Structure formats: C-alpha cells, structure tokens
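J.: return atomic coordinates for the entry below.
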Amino acid sequence: MFSAELYRPNAAIIYRRSNGQVLVCERVKPSGAWQFPQGGVKKGESPRDAACREGMEETGFRPNEYDIVAEHGPYRYDYPPTERERVLRKRGIPYAGQEQHYFLCLMRDDNAEPWLDYKEFCSFRWVQPEEFDLNWLPDFKREVYRQVLRDFFGVEKS
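T.: Here you go, the predicted model:
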C-alpha cells in the first residue's frame, strides 16, 4: 500500500438533470472509455473549487448553471503499473493512483448541453445512473464508480 501523499488529489463532478439523467463523457484516449468530468486539485485549491474548474474546462458549464447538492469522498484507486509509469513520465511524481472527491450538481436548465474541448473528451450523452455500464471504464476505475453510483444514487452494480 502507498502513503496518502502518493495519491494525486482529484475532484470529479456529476451533472444531473431534473429527470435524473447524468452526463457521461467519452475520453479521447482510450476511446470507448466513458466517465464523469474530473481532474487534479491544484496546490491551495479545495476539491470543490477544483471540481468546478475542471467541469468548466471540460464541459463549458459554469458554476452559475448548476447547484452542488451533494458530495462524497474521498475514494481511491490505484493505477496499474503501466499507467503509473505513464504518470511518472508525464508529471515526474510516482503517484500510486488518485484520491477523488465527487460532487453532484443539479443543472438549472435541463436543455443545457456541454461544450467539449476535444482535448479530453470526444463525445457525451445523458444517461440514467442505473444505465451506467462499468464496462465503459478501465478495470482499475470500476470499484470507485461502483461506490459512487451506490453512494449518490443507491444504484448497486456488480
């Protein structure tokens, strides 16, 4: 097991419409991987502020377009060895994985659509939480999503 400081601080944001649908986005790499918008917490930044910033960078949604109605975390996952090596090359820090805080946001306008910058995401869709398929994720992220779906929506995935 790794020490807490070897987990990259991360924040994720779940946008939800009044009909219960949540936004999921397809990653550019690897294609076919769908997830909630998320990203690193900068030094001196709170997880909540990081979630709002990352959400705006990745979807274009501004904080005045939604209300944060719930938060859970931290959740942790370990990178597989190949991902750990990639992160080490990219950041120069041997992160074991990520420690994530999730924020559930109720959209104020159910017709609002994200604007993707295509650096991280290439597509999006709105789904009911129970429709989220854990097979859309790399293996190492599935347990966290299983916990998130249960904690926020009472959805049990096996």
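J.: quick one: contacts of stretch 135-142?
T.: Stretch 135-142 has contacts (Cβ atoms under 8 Å, 6 or more residues apart in numbering) with 24, 30, 32-35, 77-80, 83, 97, 134, 145. C-beta coordinates here come from the backbone N, C-alpha and C atoms, glycine included.
J.: which among the residues you listed end up buried?
T.: Buried by 16 or more other Cβ atoms under 10 Å: 24, 33-35, 77-79, 97, 145, out of the contacts of stretch 135-142.
J.: between the residues you listed, which sits nearest Glu65?
T.: Using Cβ to Cβ, Val24 is the member of these that lies nearest Glu65, at 17.7 Å.
J.: what residues sit buried inside stretch 117-133?
T.: Counting neighbours by 16+ other Cβ under 10 Å, stretch 117-133 gives 120-121, 124, 126, 129, 132 as buried.
J.: next one: stretch 28-45
T.: Those would be 33-41, for stretch 28-45 by 16+ other Cβ under 10 Å.
J.: need the max-distance pair from those residues.
T.: It's Trp34 and Val41 that sit farthest apart of the buried residues of stretch 28-45, by Cβ to Cβ, at 22.4 Å.
J.: quick revisit: so which of the buried residues of stretch 28-45 sit within strands?
T.: 34-35, 38-40 (DSSP state E).
J.: distance to Ala112 for these - can I get that in TSV?
T.: Conversion of those to TSV gives the following (distance: Cβ to Cβ, whole Å):
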residue	distance to Ala112
Trp34	19
Gln35	19
Gln38	19
Gly39	20
Gly40	25
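J.: can you put those in a markdown table and add distance to Tyr15 and pLDDT?
T.: A markdown table is the format used below for those (distance: Cβ to Cβ, whole Å; pLDDT from 0 to 100):
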| residue | distance to Tyr15 | pLDDT |
| --- | --- | --- |
| Trp34 | 14 | 97 |
| Gln35 | 13 | 97 |
| Gln38 | 12 | 96 |
| Gly39 | 15 | 95 |
| Gly40 | 19 | 94 |
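J.: per-residue pLDDT of Tyr95, please?
T.: On pLDDT, Tyr95 comes in at 80.
J.: can you tell me the SS state at the closest residue to it other than its chain neighbours?
T.: Excluding its sequence neighbours, the residue lying closest to Tyr95 (Cβ to Cβ, 6 or more residues apart in numbering) is Arg8, at 4.5 Å. The local conformation at Arg8, judged by DSSP: H, G, I helix; E, B strand; the rest coil, is strand.
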